Every structure is written in C-alpha cells, then in structure tokens.
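A.B. asks: Please work out how this folds:
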Amino acid sequence: MKLQKHREYFFEDGNVVFQVEDTLYKLHRSLLEKHSPVFRELFTIPQPEGSTEGRTEDNPIVLAGIQAVNFTRFLWLLYPPALGSCKITTVEEWMSVVDQADRWQMDNLREHAVAQLRQLYIDPVRKILIWHRYNLPTHELVSSYVDVISRPQPLSLGEAQDLGLPLFVKIAQARDVLHTKGVCRCCVNPRMQQGFSAVRDRAVEEIVHTVIGISLSPSARS
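C.D. replies: Sure, this is the predicted structure:
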C-alpha cells in the first residue's frame, strides 16, 4: 500500500504520526492528550527500547477500523481552519464526529455534535434511526413518529428493514389506531382541518406514547 501524507494534517512540527487507511497524519500529542483519555492511555503504553512507532513516517501508529474521511472530519474540529469556524454542515458529517467522539471518549465533542444534529432537518425515519443508534432521548422523537404514522404512504421495504421488525410492527399498529380513531389527515374534512389541528396533534402524540412507547416531552405532558 502506497501511503500519502494528508495535505492539511501532516504538520512539520507535529510529534506523533498516525496511519489511517492509506493516509499519514502528523499531529500534536499534547492536543490529543488534552481532549481524549483514550489517546492519553495510548501514549502511556510502554514501548520496546529503541522503538520508533509513532515517531517516523516509516513506523506510524496504525489506527485500525477507521476511515480516513471520518478521522479527517474529527480533525476539522480539533484543528479549526480559523478561530470559531467549522467546515461541517451535513448530517452525515456530524454523525462521523459523534462516532469519533465516542471512539476517543470525548464527551464535550459528542455533546457539541449532537447539538448540531438537533438543529438540522433530518428525514423522520432517518432521525429515528440516528437517535436510537446514539442512544439519544427518545422524547425528542415524538414529532418524527407523528410524521411517520401520519403520512399517507406506508413504510417502504427499505425503511422497514432499517427500523427492524419490532419497531416496524409498532409503527404499523400506531397507523391502524390513527385510522380507527379518525384522526389521520385523510379522515378529517379539509374544512375542519384548522380548528381540529390542535386536538388532532394531542391525539396523535398520545398514540405515539401509548402504542410505540415513546415518552412525551415535559412540555407536552403539562
């Protein structure tokens, strides 16, 4: 495998060299130690006498199980191009950061990335998957479940496979209850939509709570 130096994150004054896939990074040990207990422990592992691992391009520390693109996104935040700036804008990129924050046990970085995800529009089904993947508060998913069980079209085969059988069954049951109670959009006379919306919203949220088992937010319960 031919290795290449990363064009941004191979610092001449760096003092630790990593290999991620076919890319070399030369970073600053003190910065990594400051923010990550995993890196702090890594750097305390005794090395054989005369070992150059992590000190030279010919003998880098190999970080297995990571894609270079994701490690680079992590470094975008560790080494911002300008004070207060951030290159990351998409859901996929912020998910990469959450994954890296979990890997390196950087709680503050994780909280920051999750906060950014909360501000982005995410397709309801995808948001449900993301929130479950990262064990985020389920009451934040009420509106997503409301959208999913209220939409005219049923879940696609791909969505059902992604959600898994237990959750797919709960969503299907919730959609049936919605129709039975007559509070789905297709069951309401368009002329009555405006005055009925508040009552309907509360009814649909209650279905999400009782059928799918998602706790309502404190504001919704009050």
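A.B. asks: which is the next helix or strand following the longest strand belonging to the chain?
C.D. replies: For the chain, the strand with the greatest residue count under DSSP state E is strand 4-10. Heading C-terminal from strand 4-10, the first helix or strand you meet, by DSSP states H and E, is strand 16-20.
A.B. asks: Run the angle between that next one and strand 4-10 for me.
C.D. replies: Relative orientation of strand 16-20 and strand 4-10, computed by axes from the mean of the first three to the mean of the last three CA atoms, to 10 degrees: 130 degrees.
A.B. asks: mind listing what strand 16-20 pairs with, with the direction of each?
C.D. replies: strand 23-27 (antiparallel), strand 61-62 (parallel) (DSSP bridges).
A.B. asks: Out of these, which one sits most buried?
C.D. replies: Scoring the strands paired with strand 16-20 by mean neighbour count under mean count of other CB atoms under 10 Å gives strand 23-27 as the most buried, with a mean of 20. Quick note: C-beta positions are derived from backbone N, CA and C, even for glycine.
A.B. asks: which other residues reach that one?
C.D. replies: Here strand 23-27 makes contact (CB atoms under 8 Å, 6 or more residues apart in numbering) with 3-6, 9-12, 14-19, 57, 60, 68, 71-72, 75.
A.B. asks: Stretch 60-67 now?
C.D. replies: 16-21, 24, 42, 53-54, 71, 100, 103.
A.B. asks: what about the longest helix in this structure?
C.D. replies: helix 165-181 (DSSP state H).
A.B. asks: how much space between the most centrally placed residue in the chain and Asn70?
C.D. replies: A centroid search over the chain (CA atoms, centre = their mean) returns Met95, at 3.5 Å, as the residue closest to the centre. Distance from Met95 to Asn70, counting by CB to CB, to the nearest Å: 9 Å.
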